[in-house]
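Asker: model the following, please.
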Amino acid sequence: MSAVGFLFTTALMSGVQVPAQQAPAIAMASDTARIEVETDNSRREVLVTLGPFTLEDMSGMDHHAMAMMDDGAGHDTPVYDFTWPVDGWFRGFRIEVVDEAGNPLPREIMHHMIMVNYNRRQLLYSAAERLMGAGSETGDAVLPKTVGVPMSANMRLGVYVAWHNATGAPIENAFLKIALLWSPKNLMPRPVSSLPIYMDVNLEVGGTNTFDIPVGRSEKSYEFSVPVGGRLLGISGHLHDYGVLVRLEDAETGKIITQVDGDRAPDGSIAGVERKLFGVLGRGLKLHAGKRYRVVGVYDNPTGETIQLGAMAEIVGLYVPDDFDLWPELDPNDPTLQRDLASLAEMGRPKAEMDHTDHMDHAAPGEQAKPAAEEAHKDHEKKPAAEHKH
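Answerer: So this is what the prediction gives:
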């Protein structure tokens, strides 16, 4: 994949959110799955292996049906935590799906994979950074050595995967192998440090970002300001079927700053979203601290019926802040962050277990959120970091 493609592959899936309550993981052997991490210094790769997983056959179930399983709950595995081992810049990845003998399995059975960085906040939302991700259609991706996402040794990361096995038969002992490429901290000239940015029209941190699609043409929007100015290196977006475009506006004047159009078939299905590159070494697209912006998602539903929870609309990209010291810090006392961490801790848990958790005393919202986040922190601390083989 080209450098342009990487800009959006890395950031695109960083915006994927999951419901606060999750259905049983499709990977039925997830309770026996584990994570192993090796560091290959000669190749400058961190090698992450997840598995084994037993995958039920899901033939005949489309992606919308997957999203609506169990009254809208998700289909992700639990989050598997590990420690990032090196100082430097993350700059790309390779992904393989294999059986226990190392033979390749169909790549498309991996619906998506998301990697979380617990040590850095998102720019616009009080939530842990979604460092990178990939979907079933995503190829391997590598940035040039002139660009990267800065990483420090001992950063605490987590990774989860959603499976969609439509092969017609169950699969036993599936493994996901992820090679994370990095540049060393002494690389000269130093790479341009960039971080994922995510602008969603309907995000509920720790909850969902889906919304209904009314009949005909409709818009949904969200206003925000960036706490630190900077420049966008490039953007893409995410839309569901019947999506038209996502645009970024000046909230004060209504002027369109940029937009990405959906690759829309005559029947309204979406094959992808446009990508725009503003420049890696150039000035890029400037955003100003404190200025009000608006992200707008546009849909056109010709079915004659409202499509419940059928839409998402977001712009994603890589962002170079003017001053990294002004990037917002994680606040463990923030109820929004607590909800995000609690949702990650709940991921992949059986619904019956979560229903029991939901029958808690009716405390004030802030009083409920803080114990949940504290429990999430405890869960992360209890999980042993994967052994690193150097």
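Asker: now do the end-to-end distance for stretch 327-337.
Answerer: From its first residue to its last, stretch 327-337 covers 16 Å (Cα to Cα, to the nearest Å).
Asker: apologies, that question was intended for stretch 195-215.
Answerer: Where stretch 195-215 starts and where it finishes are 37 Å apart, if you go by Cα to Cα.
Asker: likewise for stretch 34-53?
Answerer: 9 Å.
Asker: that stretch: how far from the chain's middle?
Answerer: In terms of Cα atoms, centre = their mean, to the nearest Å, the centre of stretch 34-53 is set 20 Å apart from its chain centre.
Asker: buried stuff in it?
Answerer: By neighbour count on 16 or more other Cβ atoms under 10 Å, the buried set for stretch 34-53 is 35-39, 44-53. (Glycine included, C-beta is placed from N, CA and C.)
Asker: try stretch 297-304
Answerer: Neighbour count says stretch 297-304 has Gly297, Val298, Tyr299, Asp300, Asn301 buried, by 16+ other Cβ under 10 Å.
Asker: so which of those is the closest to Asp323?
Answerer: Gly297 (30.3 Å; Cβ to Cβ).
Asker: continuing past the strand or helix carrying that closest one, what's the next helix or strand?
Answerer: Gly297 is part of strand 292-301 when elements are defined by DSSP states H and E. Using DSSP H and E, the helix or strand that follows strand 292-301 towards the C-terminus is strand 307-311.
Asker: just checking, what packs against that following strand?
Answerer: strand 211-213, strand 292-301 (3 or more Cβ pairs under 8 Å, 6 or more residues apart in numbering; DSSP states H and E).
Asker: in that strand, which residues are buried?
Answerer: Buried, per 16+ other Cβ under 10 Å, within strand 307-311: Ile307, Gly310, Ala311.
Asker: now do stretch 269-279
Answerer: Ile270, Gly272, Val273, Arg275, Lys276, Leu277, Phe278.
Asker: then it to CSV, C-alphas only?
Answerer: Provided in CSV are the C-alpha atoms of stretch 269-279 (Å, rounded to 0.1, in the frame of the first residue of the first chain):
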residue,chain,number,x,y,z
SER,A,269,-24.1,0.9,-1.3
ILE,A,270,-20.8,2.3,-0.3
ALA,A,271,-17.5,0.8,-1.5
GLY,A,272,-15.3,3.3,0.2
VAL,A,273,-14.6,7.0,0.9
GLU,A,274,-12.5,9.4,-1.0
ARG,A,275,-8.9,10.1,0.3
LYS,A,276,-7.2,13.5,0.2
LEU,A,277,-3.5,14.2,0.8
PHE,A,278,-2.6,17.8,1.8
GLY,A,279,1.1,17.3,2.1
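Asker: what's that stretch in contact with?
Answerer: Identification of contacts with stretch 269-279 by Cβ atoms under 8 Å, 6 or more residues apart in numbering yields 4-5, 7-8, 137, 231-243, 246, 258, 260-265, 284-285.
Asker: so which residues of the stretch 251-390 of the chain form strands?
Answerer: Along the stretch 251-390 of the chain, counting by DSSP state E, counting those that start in this stretch, strands occupy 256-264, 270-273, 276-277, 285-287, 292-301, 307-311, 313-321, 388-389.
Asker: tell me the average confidence for the longest one?
Answerer: In this case it means strand 292-301. Strand 292-301 shows a mean pLDDT of 98 in the predicted model.
Asker: any idea how far it is from the chain center?
Answerer: 20 Å.
Asker: other SSEs contacting the helix or strand that His111 is a member of?
Answerer: Using DSSP H and E, His111 sits within strand 110-121. Helices and strands touching strand 110-121, by 3+ Cβ pairs under 8 Å, 6+ apart, are strand 88-98, strand 128-135, strand 156-163, strand 171-184, helix 335-346.
Asker: closest to Tyr80 out of the ones you listed?
Answerer: strand 156-163 (5.6 Å).
Asker: pull the closest one out as CSV, backbone CA atoms only.
Answerer: The C-alpha trace of strand 156-163 is given here as CSV (Å, rounded to 0.1, in the frame of the first residue of the first chain):
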residue,chain,number,x,y,z
ARG,A,156,0.5,0.2,27.4
LEU,A,157,-1.4,-1.0,24.3
GLY,A,158,-4.3,-3.2,23.7
VAL,A,159,-5.7,-5.0,20.6
TYR,A,160,-9.0,-6.6,19.8
VAL,A,161,-10.4,-8.2,16.6
ALA,A,162,-13.8,-8.9,15.2
TRP,A,163,-14.2,-12.0,13.0
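Asker: against Asp325, how distant is Thr210?
Answerer: Per Cβ to Cβ, to the nearest Å, Thr210 is found 36 Å from Asp325.
Asker: understood, closing this out.
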